[in-house]
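1. What follows is a predicted protein model with its sequence.
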Amino acid sequence: MKSFIRLIPLTILSLFFLISTTIAANSSKLTDVYTYANYDQVVTTHLYLDLNIDFGSMSLAGFAELSLKWLDTNSTEVVLDTRDLVINKILAQNSAGQWQQVSFNLAEHDDVLGAKLTIKTLPNTDKLRIYYHSTPQASGLQWLSPEQTAGKEKPFLFSQNQAIHARSWIPIQDTPSVRVTYTARIITNKDLLVVMSANNEPNTERDGDYFFSMPQAVPAYLIAIAVGDLHFKAMSHQTGVYAEKYILDAAVAEFDDSQAMIDTAEKMYGKYRWGRYDLLILPPSFPFGGMENPRLSFITPTVIAGDKSLVNLIAHELAHSWSGNLVTNETWRDLWLNEGFTSYVENRIMEAVFGKDRAIMEQALDVQGLTTEIIELAPGDTQLYIDLKGRDPDHAFSSVPYTKGQLFLIYLENKFGRERFDAFVLDYFDHHVFKSIGTTKFLKYLKANLTHKYPNIVSDEVLHEWIYKQGLPRYVPKPISTAFSTIDNETLAWLNDETKFSQLLTSDWTLHEWLYFINNLPLNINIDKMTILDNKFDLTHSKNAEITHAWYLLSIRVGYDAIYPAMFKYLMTIGRRKLIVPLYKELADTKEGKAWALNVYIKARLGYHSLARGTIDAILNK
Ligand code: BES
Ligand code: ZN
């Protein structure tokens, strides 16, 4: 063999190696099938947005300037993601600083991926300027008219980029494998305040002309913007709330443990690396509970319950400052690395700030939710490393990456003990700061730094089962709350008429106990008992959106009709998917229910975010 190699001229040999290593590098890098970007050849390092927000035409217009780093110096093509964008012209700047117009091709629209934008660049192109505007149907933006806001006088706009909606308002390499720092100049109506996932300055002059800078590199799904009649109130030196006036004080009172949450998380998982941590309270149509936009989590108003009972949402979005924002899933198949770790860290923060009992109750409720959801999910959707099969990642959303991911980490914590496991998680974050990581690489890291480091505790087969197999392993941890066991006993006695209603010890119940109680009432409960409960506690009009959600769901199932007028109002005002989708689903199961739901939906649909519309359209076959 040696002598044969000697016969080949050195140049040919080295060329062969060069080509084969480049091919290997390329093919191993392009793991994200949800982007058109040729990010194996060129990556964007910085983004400058120069945009005008026009509420009249529901459009963002201006240009995006992309600073490029070429990995393949022979390439002269930049491929970007877009969806429903109108591209006017593109300029390229070479290393000598000269700008020149270049040609581009915008391909046909694909329902999942949008339209591929291919730009022919010049050799040594350092920067591209894409002049464009977004259109009213942008899937990543929701435009609200003044009437749709609480104040009723000024309009509101917010973005929701995760998973692949950044491309509907920015032409960009829309993959969690590419990170950019960004700056932006945003112009809008003089009386509105603009905020971004960047350096917001509460005391900035409200003049409709704002400048932002984000020095930490983030993937496209974490670029965020919101505009409205926003006001700011500080909660601590590092935290504060942006909200419309009607809810600002309530939000500050509800979330004033945010600083304690940061301090706790820092002790366990290392420095918070993003500077400020503020919250933005969105209108009720926000389709999620929260979104971890860096420095500025976006939060639904439906968690402002008046008693801090739903603040695990803040712990969750804050936890993403480590898992997700700092260490990022490489593709949307690896979402469990973001959400599983975050659910785990969230619960650890809750335990540290609010105590073990509450943390266990939250675990137990989530596990119940997961167990019922798994029964309904396609088996392939119950594995952590999910097979998206080319579907829109939004359509494969479930509690599996969250709660099964969290249970996997609790399992490891139980096996190795907190001390070792916490040290592992801290190191995992530190080793991957501002990087993306996929499931395979994670598994390798996990073996090297935990399961092989302390051998004979957890086998490779067990890790494999957790990550790649369907359903829940038989050795899944089972969080047990003694408070819930007490409720089980009391409820059973009451349902069997062994004890009186007044003996239910509800006066001390927390939200979690109420939720457990309602979620576990049997479907053959008689309507008299439902009426007694409602008369005493007015569950139909509870101020807590999670309670009403659970109560409405049960009521639809058992045929308790007194809820309908209140549920109508609920569905008309709230657009958070988690709270409304299960209700529409349940209603759609019967003919009368579906007719009622359709009637509500016709009126409510206009106020819902396009993500919620997509899901509910499918349920009601609209
Ligand atoms: N990042 C998610 C929201 C998300 C996930 C948007 C996937 C698009 C695709 C956010 O952090 C989240 O998980 N929100 C939850 C919070 C809850 C688990 C406490 C929500 O909105 O309900
Ligand atoms: Zn999350």
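-> Thanks, I have the structure now. Ligands and ions are numbered 1, 2, ... in the order given.
2. Give me every residue in the protein lying close to ligand 2.
-> 339, 342 (CB under 5 Å from the ion). Backbone N, C-alpha and C define where each C-beta goes, glycine included.
3. In the chain, which residue sits closest to ligand 1?
-> Using CB to the nearest ligand atom, the closest approach of the chain to ligand 1 is made by residue 289 at 3.0 Å.
4. Distance of that residue relative to residue 205?
-> 33 Å (CB to CB, to the nearest Å).
5. Kindly report the same for residue 183.
-> Taking CB to CB, one finds residue 183 at 19 Å from residue 205.
6. Between the two, which is the more surrounded one?
-> Ranked by neighbour count (other CB atoms under 10 Å), residue 183 and residue 205 place residue 183 first, with 18 against 8.
7. Could you verify my assumption that the more buried one touches residue 48?
-> Yes. Contact criterion CB atoms under 8 Å: residue 183 and residue 48 qualify, at 5.0 Å.
8. Output the lowest mean pLDDT helix or strand found in the protein.
-> Sorting the helices and strands of the chain by mean pLDDT, DSSP states H and E puts helix 2-7 at the bottom, at a mean of 38.
9. Strands along the stretch 101-250 of the chain, start to end?
-> 104-110, 114-120, 125-134, 141-144, 156-159, 179-187, 193-196, 209-219, 225-228, 231-234, 239-243 (DSSP state E, counting those that start in this stretch).
10. Format the ones you listed as TSV; extra columns: mean pLDDT.
-> Putting the strands of the stretch 101-250 of the chain into TSV (pLDDT from 0 to 100) gives the following:
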stretch	mean pLDDT
strand 104-110	98
strand 114-120	98
strand 125-134	98
strand 141-144	98
strand 156-159	98
strand 179-187	98
strand 193-196	98
strand 209-219	98
strand 225-228	98
strand 231-234	98
strand 239-243	98
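11. which non-adjacent residue is nearest residue 560?
-> In space, and not counting its chain neighbours, residue 560 is closest to residue 530: 4.2 Å by CB to CB, 6 or more residues apart in numbering.
12. next one: residue 567
-> Closest residue to residue 567 apart from its sequence neighbours, by CB to CB, 6+ apart: residue 552 at 4.9 Å.
13. And for residue 207?
-> Closest residue to residue 207 apart from its sequence neighbours, by CB to CB, 6+ apart: residue 190 at 6.0 Å.
14. Over to residue 506?
-> Per CB to CB, 6+ apart, closest to residue 506 is residue 537, 7.3 Å.
15. do you know how far the one you found is from residue 116?
-> 55 Å.
16. Looking only at neighbour counts, state which of the two leads.
-> Neighbour count, other CB under 10 Å: between residue 537 and residue 116, residue 116 has more, with 18 against 15.
17. didn't that one look like it was pressed against residue 104?
-> No. Look at residue 116 against residue 104 with CB under 8 Å: they stay out of range, at 10.5 Å.
18. How about the secondary structure of residue 280?
-> At residue 280, secondary structure determined by DSSP: H, G, I helix; E, B strand; the rest coil is strand.
19. just checking, residue 193 touches residue 228?
-> Yes. Between residue 193 and residue 228 there is a contact under CB under 8 Å: 7.0 Å.
20. who's more crowded, these two?
-> The neighbour comparison of residue 193 against residue 228 (other CB under 10 Å) goes to residue 228, with 26 against 21.
21. ok, the residue lying closest to that one once chain neighbours are set aside to residue 293 distance?
-> Spatial nearest neighbour of residue 228, excluding adjacent residues (CB to CB, 6+ apart): residue 156 at 3.8 Å. To residue 293, residue 156 is 16 Å away according to CB to CB.
22. what about the nearest residue to residue 265 once chain neighbours are set aside, how many neighbours?
-> Leaving aside its sequence neighbours, residue 265 sits nearest to residue 349 (CB to CB, 6+ apart; 5.5 Å). When counting by other CB under 10 Å, one arrives at 27 neighbours for residue 349.
23. SS state for residue 349?
-> helix.
24. my guess is it meets residue 261, correct?
-> Yes. Proximity of residue 349 to residue 261 meets the contact threshold set by CB under 8 Å, at 5.2 Å.
25. any shared contact partners between these two?
-> Counting by CB atoms under 8 Å, 6 or more residues apart in numbering, the contacts common to residue 349 and residue 261 are 315, 318.
26. Please tell me how far the residue nearest to residue 506 sits from residue 493.
-> As judged by CB to CB, residue 537 and residue 493 stand 18 Å apart.
27. One more: residue 223?
-> Note on residue 223: its distance to residue 493, by CB to CB, is 55 Å.
28. Let me see the confidence value for the residue of the stretch 351-500 of the chain found nearest ligand 2.
-> Residue nearest to ligand 2 within the stretch 351-500 of the chain (CB to the ion): residue 402, separated by 7.1 Å. Per-residue confidence at residue 402 stands at 98 (pLDDT).
29. My guess is it contacts residue 339. True?
-> Yes. Shown here, residue 402 and residue 339 form a contact pair, counting by CB under 8 Å, at 4.7 Å.
30. Specify which residue of the two has the higher count of neighbours.
-> Ranked by neighbour count (other CB under 10 Å), residue 402 and residue 339 place residue 339 first, with 27 against 23.
31. List phi and psi for the more buried one.
-> With angles defined as degrees, to the nearest 10, residue 339 sits at phi -80, psi -30.
32. What of residue 363?
-> Backbone geometry at residue 363, expressed as degrees, to the nearest 10, gives phi -60, psi -50.
33. repeat for the one 5 residues further on
-> In terms of degrees, to the nearest 10, the main-chain angles of residue 368 are phi -60, psi -40.
34. Give the closest residue to it in space, chain neighbours not counted.
-> Leaving out its chain neighbours, residue 368 is closest to residue 519 (CB to CB, 6+ apart), at 6.5 Å.
35. thought the one you found was touching residue 367?
-> No. With contacts counted by CB under 8 Å, residue 519 stays clear of residue 367, the gap being 11.8 Å.
36. ok, those two, which is more surrounded?
-> The residue with more neighbours, out of residue 519 and residue 367, is residue 367; 21 against 15, by other CB under 10 Å.
37. Let me see the contact set for that one.
-> 403, 407, 478-479.
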